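1. pasting the structure only:
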């Protein structure tokens, strides 16, 4: 699903602000495209890693990148079960714990 440019700009601005405030813990370069693919219009995503990898994201790094985004406060994760994938919720700006 195509993402609205304003939504992509909101994501890019939040990521840039995070990276500026955390120069020693910058997010991966794929963060903006990944978040844009996961959250084109809504703040909830329930897609499998295989589905996201099919959009061109490195399957080997995808799980680690998602964990990093949870740690950074951009995502919260509710584990799935069986064939139901995990549910991710987007937080802009990131939520500090």
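-> Yep, that arrived. In this text, all values refer to a predicted model and were calculated from it rather than measured experimentally. Numbers count the residues shown, from 1 in each chain.

2. drop to CA atoms for contacts and neighbour counts, all remaining ones
-> Noted.

3. For the residue nearest the centre of the chain, pull up the helix or strand it's in.
-> Using CA atoms, centre = their mean, the residue of the chain that lies closest to the mean C-alpha position is residue 35, 3.7 Å off. Secondary structure from DSSP states H and E places residue 35 in helix 31-38.

4. Tell me the first helix or strand C-terminal of that helix.
-> strand 44-45.

5. can you list the residues that contact that next one?
-> Residues from elsewhere that reach strand 44-45 (CA atoms under 8 Å, 6 or more residues apart in numbering): 38, 39, 87, 88, 89, 90.

6. Show the pLDDT at the first one.
-> You'll see residue 38 listed with a pLDDT of 96.

7. how about it, what does it touch?
-> 45, 47, 52.

8. Show the pLDDT at the residue of the chain positioned farthest from its centre.
-> Most distant residue from the mean C-alpha position of the chain: residue 82, 22.1 Å away (CA atoms, centre = their mean). Per-residue confidence (pLDDT) for residue 82: 86.

9. The one 3 residues further on too?
-> At residue 85 the predicted local confidence, pLDDT, stands at 95.

10. Over to residue 1?
-> 63.

11. circling back to that earlier point, select only the buried ones of the contacts of residue 38 in ChimeraX?
-> Per 16 or more other CA atoms under 10 Å, the buried members of those correspond to this ChimeraX selection:
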select :45,52
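
12. start to end distance for stretch 42-60?
-> 26 Å (CA to CA, to the nearest Å).

13. pLDDT on it, on average?
-> Here the average pLDDT along stretch 42-60 is 94.

14. what about stretch 15-33, distance to the chain center?
-> Distance of stretch 15-33 from the chain centroid (CA atoms, centre = their mean, to the nearest Å) equals 12 Å.

15. And stretch 28-41, by the same measure?
-> On CA atoms, centre = their mean, the centre of stretch 28-41 falls 5 Å from that of its chain.

16. same check, this time on stretch 89-97
-> 10 Å.

17. Touching it from outside, list them.
-> 10-11, 14, 39, 43-45, 72-77.

18. Averaged pLDDT, it. What do you get?
-> Stretch 89-97 shows a mean pLDDT of 89 in the predicted model.
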